[in-house]
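1. Compute the structure for the input listed below.
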Amino acid sequence: MSRLIVNGNSLPNIPWEDRPASSDPKKELMWRYSRNPIIPRNLTTYSNSIFNSAVVPFKDGFAGVFRCDDTSRHMDIHAGKSKDGINWQIEDHPIEFIKIDPELPDSDYKYDPRVIFVEDRWYVIWCNGYHGASLGMGYTYDFEKFYQMENPMMVYNRNGALFPRKIGKNYAMLSRPSDSGHTPFGDIFYSESPDLTYWGKHRHVMSPSGGWQSTKVGAGPCPIETTEGWLLFYHGVLTSCNGFVYSFSAALLDLEKPWQVTARARPYIINPREIYELAGDVPNVTFPCAALVDKDTGKLAIYYGCADTVTGLVFGKIDEIVDWVKANRM
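-> This next block holds a predicted model:
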C-alpha cells in the first residue's frame, strides 16, 4: 500500500502508462498519455466537444459524467462507461435527472461535473444554469438513474468539489464564488452541511497568488485523503495578452480543518503545451476534473479538459507529488 494513501480503492486496472524515457523527472512531475487526447470532440452523435469531465471506478471498470457541448453549442452532461478508463461509450443524450422534489427549478445548462463516492452513492456536482452560473447537485447508485437535489449554494458559483468523507459531523465542499459572466476573478472557499441541503461555516481557502495563477483559482478533482493532508489539484488562470491561460498544480490542506492550506506549490504541474491543449474552441486550457488513484501503488491518473474541446490523461505518483508540493511550497 502507498505510504501516503488514507482513503482510496485498489485499482489494479487503473489507466496507466509508465514514464517515457523522453520525460525528465526533474522537469516533469507528471507525464501525458502518449495517445492523448483519449476522448475526441465528436465521440457522440451530436457533440461539438467533450471535455472537463469526471471519471470514477465502477464495478469492474469505470463510469463517468461528461461535459458534452452539442453542435448548437448547448452545454449539458452525459453519462458514460468504460472497461479500461480510456475507451469510452458516452450516451448520445444528456442525463435526465429525476427531481427528488418536483418544485426543484430547471437548469438552463449544465457543465464541468465532478463525481465522488460518499457513504453509499455517487454524488455529481456541476455548474448549473439558474439565473446565472450556480452549483447543481445530484446522485446516482448505478449511473443509469440520476436524482437531482437542491442547489447547494447561492448563485453565482462554480467548481464545486465534494470531500469523500465527512469532516467531523458534516459534509464538506470546496467552491469558487463567481459572477454571471466569464469571471475575471476567483478564490476557493470551503463550506459544510449537515444534510447536503443547508450550507454554512464558510471559510476562505486560497486566493490567486501571481504568475500562472494570478487571475483566479478553482478546485479541480475532489480532494484525495493522504497522511500528509488532503491533496488538492486545482487550476489557476493567467490573463495574458492573448486571453486566459489555464494551468494546474496542487496543494495540501489540513485533514481536520481543510480550509487551512499547509503547503501550496509555486510552480504549475501541467500547462498548455501540446497542440490539442493550445488549439481548440478555447485555446490554452488544461483543466483537471477527475483523479483516479490506486491505493496499493500510489499510481495517479488525472482526466483533464484540453482547449475546451477534447479530454486528455496525465499520470504521476502520489508520493512524488506530495513530496514535490512540500519542497516547492510558496
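
2. longest helix anywhere in the protein?
-> Longest helix in the chain, counting residues (DSSP state H): helix 318-327.

3. Export only the CA atoms of that helix, formatted as CSV.
-> The C-alpha coordinates for helix 318-327 follow below in CSV (Å, rounded to 0.1, in the frame of the first residue of the first chain):
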residue,chain,number,x,y,z
ILE,A,318,1.0,10.3,-5.2
ASP,A,319,4.2,10.1,-3.1
GLU,A,320,6.3,12.0,-5.6
ILE,A,321,3.6,14.7,-6.0
VAL,A,322,3.1,15.2,-2.2
ASP,A,323,6.9,15.5,-1.7
TRP,A,324,7.2,17.9,-4.6
VAL,A,325,4.4,20.2,-3.2
LYS,A,326,6.2,20.3,0.1
ALA,A,327,9.5,21.0,-1.5
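
4. what does it contact?
-> The list of residues contacting helix 318-327 from outside it, by Cβ atoms under 8 Å, 6 or more residues apart in numbering, reads 2-5, 25, 29-30, 224, 226, 228, 231, 250-252, 263-265, 269, 293, 298-300. In short, each C-beta sits where N, CA and C put it, glycine included.

5. tell me the secondary structure for residue 37?
-> Judged by DSSP: H, G, I helix; E, B strand; the rest coil, the three-state class of residue 37 is coil.

6. Enumerate every residue touching it.
-> Applying Cβ under 8 Å, 6+ apart, one finds that residue 37 lies in contact with 276, 306, 310-312.

7. quick one: it and residue 46, what's the gap?
-> Computed as Cβ to Cβ, to the nearest Å, the residue 37 to residue 46 distance reads 19 Å.

8. Among the contacts of residue 37, which one lies nearest to residue 285?
-> If you rank the contacts of residue 37 by distance to residue 285 using Cβ to Cβ, residue 306 comes first, at 6.8 Å.

9. what's across from that closest one in the sheet?
-> When bridges are called by DSSP bridges, residue 306 pairs up with residue 286, residue 310.

10. and if you look at residue 189?
-> Beta-bridge partners for residue 189, by DSSP bridges, are residue 175, residue 204.

11. doesn't residue 203 make contact with it?
-> Yes. The criterion here is Cβ atoms under 8 Å, and residue 189 meets it with residue 203 at 6.7 Å.

12. more neighbours, these two?
-> Set side by side, residue 189 and residue 203 show more neighbours around residue 189, with 19 against 13, by other Cβ atoms under 10 Å.

13. residue contacts, the more buried one?
-> 174-177, 202-205, 259.

14. Try it again at 10 Å.
-> The neighbourhood of residue 189, defined by Cβ atoms under 10 Å, 6 or more residues apart in numbering, consists of 153, 157, 173-177, 202-206, 219, 259.

15. Weed out the non-buried ones from those.
-> Among the contacts of residue 189, those buried by neighbour count (16 or more other Cβ atoms under 10 Å) are 153, 157, 173-177, 205-206, 219, 259.

16. Nearest to residue 139 among those?
-> Taking Cβ to Cβ as the measure, residue 139 sits nearest to residue 173 out of those, at 13.8 Å.

17. per-residue confidence at that closest one?
-> In the predicted model, residue 173 carries a pLDDT score of 98.

18. Surely it is in a strand?
-> Yes. Assessed with three-state DSSP, residue 173 lies in a strand.

19. thinking it is in contact with residue 135, fair?
-> Yes. If you go by Cβ atoms under 10 Å, residue 173 and residue 135 touch, sitting 8.3 Å apart.

20. among the contacts of helix 318-327, which are in strands?
-> Those of those mapping onto strands are 224, 226, 231, 250-252, 263-264, 293, 299-300, per DSSP state E.

21. how distant is stretch 228-240 from the center of its chain?
-> Here the centre of stretch 228-240 is set off from its chain's centre by 11 Å, with Cα atoms, centre = their mean, to the nearest Å.

22. average pLDDT across it?
-> Rounded mean pLDDT across stretch 228-240 is 97.

23. and for residue 189 and residue 203, which residues touch both?
-> With Cβ under 10 Å, 6+ apart as the test, residue 189 and residue 203 both reach residue 259.

24. which residue is nearest the middle of the protein?
-> By Cα atoms, centre = their mean, the mean C-alpha position of the chain lies nearest to residue 289, the distance being 2.0 Å.

25. Need the three-state assignment for it.
-> With three-state DSSP as the basis, residue 289 sits in strand.

26. pretty sure it is touching residue 65, no?
-> Yes. Assessed by Cβ under 10 Å, residue 289 is found in contact with residue 65 at 9.4 Å.

27. overlap in contacts of the two?
-> With contacts defined as Cβ under 10 Å, 6+ apart, the residues shared by residue 289 and residue 65 are 53-55, 113-115.

28. Can you tell me which of those residues has the most neighbours?
-> Ranking those using other Cβ under 10 Å puts residue 53 first, with 28 neighbours.

29. Over to that one: give its phi and psi.
-> phi -120, psi 170 (degrees, to the nearest 10).

30. Just give the closest residue to it, not the sequence neighbours.
-> residue 66 (4.0 Å; Cβ to Cβ, 6 or more residues apart in numbering).

31. go on, residue 266?
-> Here the residue nearest residue 266, using Cβ to Cβ, 6+ apart, is residue 330, at 4.1 Å.
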